[in-house]
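Visitor: just a sequence and a predicted model for now, questions to come.
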Amino acid sequence: MTTPPPAPFALSAVVLAVALGVLAGPAAAQADDATADAVSWSLSPADGTAEDGRVAIEHELEPGESVEEHVIVRNLGAGDVVFSLSAADGFYTDAGRFDMLPSDQESTDAGSWISIPDAVEVPAGGSAVVAFTVTVPENAEPGDHAAGVAASVLSVKADDSGATAVGVESRVGVKVITRVAGDIVPAFAVQDVRTDYRGEANPFEAGGLTVAFDVQNTGNARMDAVGTLTIAGHEVPFPAEGQRPQVLLPGETRTLTVQVADVWPLFLLTGDLEVAPVAAALDGEALVVEPSTTTITVWAVPWSALALLAGVALLVVALSWNRLRSRRRVEDLISQAVERGREEARGEARARDAGTAEREEALR
């Protein structure tokens with residue numbers, strides 16, 4: 001598996017100011033006879049004359065080495081536009097998309113290695129090829145360094161109250177990856193594994209398991225964070241089918257989440273979390289990365305089933321108690337009847353004895 005080539009990316013940055021003059025500085029690109037909202041444009045890698053089919057610009061360079069590159073800016077709108085050009089350090093967002101630092105933040109890595117003109121004017125429906133250079137410092141660390149070049153326009157709007165001007169810089173960019181030659185060592189660390197089991201209210205339905213963890217790129221090569229979670233009879237790969245691969249640049253950390261459905265609560269679940277990132281070489285071949293396996297344990301208490309059993313047990317106890325009380329009541333009634341019978345028998349015996357005594361007394 002190799003890291004898929006990245007696509008050109010779009011960015012936007014919002015700047016607040018109280019006066020239009022603050023927003024529209026000399027480097028800000030403005031559209032002639034059109035607002036930025038009406039401007040449509042694209043930016044792509046190019047050779048010296050035209051688009052060359054690449055979706056990103058990638059080079060392996062020695063420290064101190066330079067390379068000249070090109071991008072082509074296409075104006076797809078109906079008016080002539082002066083596009084602002086810029087370069088900045090690149091990074092991946094938590095959503096897995098490539099981005100570059102906003103224009104108000106200073107680049108300290110590969111973005112500062114790029115020299116590109118400040119602006120280019122492109123007529124309506126036309127295009128312009130722009131040359132730029134990437135120069136690797138002599139003291140650059142070996143490994144992958146990410147940056148982006150962008151073409152942007154600036155639009156200015158007022159907020160709802162009309163008191164504050166809002167400048168929106170819209171940018172379309174191309175990824176520029178520079179691999180500084182040297183000892184390329186892919187490495188990573190799995191940290192802070194969290195688990196959460198959620199059972200269903202219906203005790204006859206299986207619940208769901210969530211496993212979240214952090215993956216940090218501790219090496220110097222960018223990599224895709226992929227792997228498999230095996231637990232409770234399920235084998236769940238990540239990223240899931242259709243999901244965007246999570247790319248980590250050197251030093252980046254990403255939180256990954258794996259959802260497992262139809263997991264029965266068996267009190268204590270054990271499984272293996274295998275993280276096997278793929279680091280791509282610039283020639284398309286994958287670099288070898290040793291996978292990491294973490295054993296995880298999850299408490300999956302069947303609370304709804306236990307509640308049902310507790311309810312049944314209480315019902316059985318209540319029925320048994322009622323039966324016991326009924327039996328004791330019957331026994332008490334029987335005892336009372338027997339005692340009344342005995343009292344009546346004793347009374348009849350006393351009456352007979354009294355009658356006998358009276359007859360004997362009469363005979364005397």
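Guide: Cool, got the structure. Numbers count the residues shown, from 1 in each chain.
Visitor: contacts and neighbour counts: CA atoms only from here.
Guide: Fine.
Visitor: the helix or strand encompassing Asp144 - contacts with which helices or strands?
Guide: Assigned by DSSP states H and E, Asp144 belongs to strand 143-158. With contacts taken as 3 or more C-alpha pairs under 8 Å, 6 or more residues apart in numbering; DSSP states H and E, strand 143-158 sits against strand 81-92, strand 98-100, strand 165-180.
Visitor: avg pLDDT for it?
Guide: For strand 143-158, the mean per-residue pLDDT is 88.
Visitor: strand partners (parallel or antiparallel) of it?
Guide: strand 81-92 (antiparallel), strand 165-180 (antiparallel) (DSSP bridges).
Visitor: any idea what Leu256 is bridged to?
Guide: Bridge pairing for Leu256 - DSSP bridges - gives Phe213.
Visitor: for it, grab the count of nearby residues.
Guide: For Leu256, the count of nearby residues is 17 (other C-alpha atoms under 10 Å).
Visitor: look up how far Gln191 lies from it.
Guide: Look at Leu256 and Gln191: by C-alpha to C-alpha, to the nearest Å, they are 11 Å apart.
Visitor: circling back: go through the strands paired with strand 143-158 and name the closest to Glu60.
Guide: Shortest distance between Glu60 and those, using C-alpha to C-alpha, is found for strand 165-180: 4.5 Å.
Visitor: which residues does the nearest residue to Phe98 once chain neighbours are set aside contact?
Guide: Once flanking residues are discounted, Phe98 sits nearest to Tyr92: 4.5 Å by C-alpha to C-alpha, 6 or more residues apart in numbering. Tyr92 is in contact with Phe98, Asp99, Val247, Leu248, Leu249, counting by C-alpha atoms under 8 Å, 6 or more residues apart in numbering.
Visitor: thinking again about what came up before, turn the strands paired with strand 143-158 into CSV, including distance to Leu306 and mean pLDDT.
Guide: Converted to CSV, those look like this (distance: least, C-alpha to C-alpha, whole Å; pLDDT from 0 to 100):
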stretch, distance to Leu306, mean pLDDT
strand 81-92, 46, 96
strand 165-180, 55, 87
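Visitor: make CSV out of those strands and add distance to Val215.
Guide: Below are the strands paired with strand 143-158 laid out as CSV (distance: least, C-alpha to C-alpha, whole Å):
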stretch, distance to Val215
strand 81-92, 14
strand 165-180, 21
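Visitor: among those, which comes closest to Val129?
Guide: Nearest to Val129 among those is strand 81-92; the distance by C-alpha to C-alpha comes to 12.0 Å.
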